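[1] From the sequence below, what's the structure:
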Amino acid sequence: MKIMVSACLLGENCKYNGGNNLSPELIRLLGGHTVIPVCPEVLGGLPTPRVPAEIVNGKVMNRNGESVDEAFRKGAEKAMETAMREKPDLIILQSRSPSCGVKEIYDGSFSGRKIPGQGIFAGLLKEAGFNVIDVEDLPEELK
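    Residues are numbered from 1 along each chain as shown. Okay, here's the model as predicted:
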């Protein structure tokens, strides 16, 4: 199976804080599959580390009140080009990210509150009909 995965889940230090979201369980489950790592935020030209960002009224803003929407959308488009070219069978994304959140995101208040919603990249993938899941919802066929 060809699987696209948020690069941070594979241990790549591309999170806003310079770290990663390494998932040993996911790494184990990906054995024998073709893995395509992707980080839309890095593809959009954002540095690592960077000021945390959340979606505020439909636009991605960082905690300092600066718009980073253009970089997030540019990165999502570049990552989408990879998905269209590679045609993965499954895409596993990092929970709650303003790029990759599949079913919920932070509410834009930088308070840690979560709301139903999707990150920029996750939304594009779903609109295009890709099989997209949150890392917290790994399918049985991988377990």
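[2] Tell me the buried residues in stretch 20-37?
    20-21, 23, 26, 29-30, 35-37 (16 or more other C-beta atoms under 10 Å). Where you see a C-beta, it was placed from the backbone N, CA and C, and this is true even at glycine.
[3] Over to stretch 117-135?
    Neighbour counts over stretch 117-135 (16+ other C-beta under 10 Å) mark 117-125, 130, 132-135 as buried.
[4] And residue 69, what's its pLDDT?
    Per-residue pLDDT puts residue 69 at 98.
[5] so who does it touch?
    Residue 69 is in contact with 59-61, counting by C-beta atoms under 8 Å, 6 or more residues apart in numbering.
[6] Mind checking which of the buried residues of stretch 20-37 are in strands?
    Mapping these onto strands (DSSP state E) picks out 35-37.
[7] what would these look like in TSV with distance to residue 50?
    Converted to TSV, those look like this (distance: C-beta to C-beta, whole Å):
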residue	distance to residue 50
35	25
36	23
37	19
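[8] With respect to residue 92, which of those residues is nearest?
    residue 35 (9.6 Å; C-beta to C-beta).
[9] With residue 68 as the reference, measure out to that closest one.
    Distance, residue 35 to residue 68, using C-beta to C-beta, to the nearest Å: 27 Å.
[10] if we can go back for a sec, give me the buried subset of the contacts of residue 69.
    60-61.
[11] Mind listing what's buried along stretch 85-105?
    88, 90-105.
[12] so for it, what's the average pLDDT?
    pLDDT averaged over stretch 85-105 gives 97.
[13] ok, now stretch 24-38?
    The pLDDT scores in stretch 24-38 average 95.
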